[in-house]
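1. sequence first, predicted model second:
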Amino acid sequence: MGVKDAVVKRFQGLCEERGIHINELANRSGITPSTAYSMMDARRRHISIVTIKKFCDGLNISLGEFFSSSEFDDLEHEIE
């Protein structure tokens, strides 16, 4: 799994835990729903750390809490 896929999986899990949809997370985070859905699109391969931070703010968690998850332990190498 690549970094972007792990980020998406983590946000999906956090939304599921809290019983919210990605659209609601976008609204809480001050991000347009279209940006949130674009992030979830498998064809899009990049996501900025600023966007991740805004989503974390919307969930009231730190970046450290976000990345302290098993999804990020065994990522593929990004260097090709």
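-> Right, received. Where do you want to start?
2. buried set for the lowest-mean-pLDDT helix or strand in the chain?
-> For the chain, using mean pLDDT, DSSP states H and E, the weakest element among its helices and strands is helix 33-40, scoring a mean of 87. Along helix 33-40, these residues count as buried under the neighbour rule (16 or more other C-beta atoms under 10 Å): 36, 39. Where you see a C-beta, it was placed from the backbone N, CA and C, and this is true even at glycine.
3. show me the contact partners of it.
-> When contacts are defined by C-beta atoms under 8 Å, 6 or more residues apart in numbering, helix 33-40 is touched by residues 7-8, 11-12, 22-23, 25-27, 29, 44, 47, 51, 55.
4. just stretch 16-30 next, same as before
-> Here stretch 16-30 has contacts from 11-12, 15, 32-33, 35-37, 40, 54-55, 57-59, using C-beta under 8 Å, 6+ apart.
5. host element of residue 13?
-> Mapping residue 13 onto the secondary structure by DSSP states H and E places it in helix 3-18.
6. the helix or strand just after that helix: how far from the chain's middle?
-> Using DSSP H and E, the helix or strand that directly follows helix 3-18 along the chain is helix 22-29. Relative to the chain's own centre, helix 22-29 is displaced by 11 Å; criterion: C-alpha atoms, centre = their mean, to the nearest Å.
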